[in-house]
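# Need the 3D shape of this:
(chains A and B)
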Amino acid sequence: MRAIKKILSEKELQKRYAEFENEAVPHMDAVYNFALRMTGDEDDADDLVQETFMKAFRFFDKFERGTNCKAWLFRILKNSFINDYRKQKKEPDKVDYDDIQNFYENIKSNEVDSRHYEMDAFSNLLDDDISKAITELPEDFRTVIILNDIEGFTYEEIADFVDIPVGTVRSRLHRARKMLYVQLYDYAKDKGFIKTGKSKT
Amino acid sequence: MELQEEITAYVDNQLHDQLITLRMRELIDLDAVIRDEFLIQKKVKILLSTRFACGCSSKRLQKKILSNISRM
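I've put the predicted structure just below:
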């Protein structure tokens, strides 16, 4: 691929730098955060973010001005994650939706002590505990919960991003939170932050 | 399952029908199972949004990316 400097004039290049700094660079922390949650590794996240921004700059003429630049960057990151990171590192999680459904169905409300719903039972958990619980979620569920609860994307934006129906976003989000809750409840119980109550079977 | 997933949409302010929203509010008040589901969804959402709202890329990474871009 030819260098951008050979394609664009100096004036066009300066314009692209300026626009890129205004539109894309402010989202670097969010892109990094998403990369970190997806990979669970700081070095891998660094590499993914670098790859994402290099591609974004190269193809910045394809970005439709006035649309959501953060969502555009996240799409580039997702493609890099799928095409490059997964190939190099590991196969994607094989999600058996029947297993997930069975897991979900087995999480009954009465299996955790309902007194803790309203208490701040998780406040003593370390950020690392929460990160670990997120990382352990199957990728499809991890993606929607990060995009919604951490990055604040709407259901429609997530549906467009992941290429699934809005109803599936809602369903995955519901189950992801439920799985995460049970996992965090167990961590809190193991660490003695929850003294009594039952855990999942 | 459909109703439980609507609780999730309610927590996320993604129920676009006002009547369903009002009905959900009533159910949360009246039904203990629905209320528990609501509290689980809300608790996890708040936990993640408050503990992980801000991720930070390192200054070193930012410098490296901008430097590489300027050389493209």
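
# which strands and helices sit next to the helix or strand in which A:D43 is found?
Per DSSP states H and E: A:D43 is located in helix A:42-58. Contacts defined by 3 or more CB pairs under 8 Å, 6 or more residues apart in numbering or on different chains; DSSP states H and E place helix A:42-58 against helix A:10-23, helix A:28-39, helix A:69-80, helix B:59-70. Yep, even glycine has a C-beta here, placed from its N, CA and C like the rest.

# residues in contact with residue 28?
You didn't pick a chain, so chain A it is. A:M28 sits next to A:49, A:53, B:57, B:62, B:65 when contact means CB atoms under 8 Å, 6 or more residues apart in numbering or on different chains.

# actually chain B
With contact set as CB under 8 Å, 6+ apart, B:I28 has these partners: B:7, B:10, B:34-35, B:38.

# same thing with B:V11?
B:V11 neighbours (CB under 8 Å, 6+ apart): B:38, B:41-42, B:45.

# okay, those residues in TSV with pLDDT and neighbour count next?
Listed next are these as TSV, based on pLDDT from 0 to 100; neighbours: other CB atoms under 10 Å in any protein chain shown:
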residue	pLDDT	neighbour count
B:F38	94	22
B:Q41	94	23
B:K42	94	19
B:K45	94	20
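
# Would you check which of these are in contact with chain A?
By CB under 8 Å from any CB of the partner chain, the members of the contacts of B:V11 lying near chain A are B:41, B:45.

# Nearest spatial neighbour of residue 48, chain-adjacent residues omitted?
As the question left the chain open, I've gone with chain A. A:A35 (4.2 Å; CB to CB, 6 or more residues apart in numbering or on different chains).

# wait, chain B
Using CB to CB, 6+ apart, the nearest residue to B:L48 is A:D149, at 3.9 Å.

# now A:Y187
In this structure, A:Y187 finds its nearest non-sequential neighbour in A:D129, 5.0 Å apart by CB to CB, 6+ apart.

# Give me the below-cutoff pLDDT ranges for chain B.
Within chain B, the stretches with pLDDT under 70 are B:1, B:53-55.

# Near chain A, which residues of it are found?
Within chain B, the positions adjacent to chain A are B:1, B:4-5, B:7-9, B:12, B:14, B:33, B:36-37, B:39-41, B:43-45, B:47-49, B:51-58, B:61-62, B:64-66, B:68-70, B:72 by CB under 8 Å from any CB.

# Where does chain A get nearest to chain B, which residue?
Going by CB to the nearest CB, chain B is nearest to A:N33 of chain A, at 2.5 Å.

# shouldn't that residue be in contact with A:L147?
No - using CB atoms under 8 Å, A:N33 is not in contact with A:L147; the gap is 10.9 Å.
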